[in-house]
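1. Any chance you could fold what I've pasted below:
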Amino acid sequence: MLNRFRRTVRCSKGHLFTATWVPYASLTSIRLGRVRYMRCPVGKHWAICRRVDNADLATLTDT
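-> So this is what the prediction gives:
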């Protein structure tokens, strides 16, 4: 059910991971406008995280 809200996210240290990102709601994070303060499972730390656009992901895979 929540799979449609799975998004690629980048933490403030640059780690990429997927997270449940529900618009106007937060399940496991603190909303701060367009960013969220949440746990990064890659670096195992708390950080400011932002959604990554699909266009940005395409440029990452091309290089």
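
2. hey, let's count contacts and neighbours off CA atoms from now on
-> Noted.

3. partner residues bridging the spatially most central residue of the chain?
-> In the chain, the centroid-proximal residue (C-alpha atoms, centre = their mean) is residue 9; its distance is 2.2 Å. Residue 9 has these beta-bridge partners by DSSP bridges: residue 17, residue 51.

4. Cross-check the contact I'm expecting between it and residue 54.
-> No. Contact between residue 9 and residue 54 fails when scored by C-alpha atoms under 8 Å: they sit 10.8 Å apart.

5. Can you verify residue 13 is assigned to a strand?
-> No. Per DSSP: H, G, I helix; E, B strand; the rest coil, residue 13 lies outside any strand segment and is coil.

6. Make residue 1 into 557 and carry on from there
-> With 557 as the first residue, the last one maps to residue 569.

7. What are the neighbouring residues in contact with it?
-> Taking C-alpha atoms under 8 Å, 6 or more residues apart in numbering, we find residue 569 in contact with residue 603.

8. Please tell me how far residue 593 sits from residue 565.
-> Noted for residue 593: a distance of 12 Å to residue 565, by C-alpha to C-alpha, to the nearest Å.

9. Need the phi and psi values for residue 559.
-> Backbone torsions for residue 559, taken as degrees, to the nearest 10, come to phi -60, psi -30.

10. Can you give me every residue that contacts it?
-> Counting by C-alpha under 8 Å, 6+ apart, residue 559 makes contact with residue 576.

11. Likewise for residue 584?
-> residue 594.

12. Ok, residue 609 next?
-> By C-alpha under 8 Å, 6+ apart, the contact set of residue 609 is residue 564.

13. separation between it and residue 563?
-> Applying C-alpha to C-alpha, the value for residue 609 to residue 563 is 9 Å.
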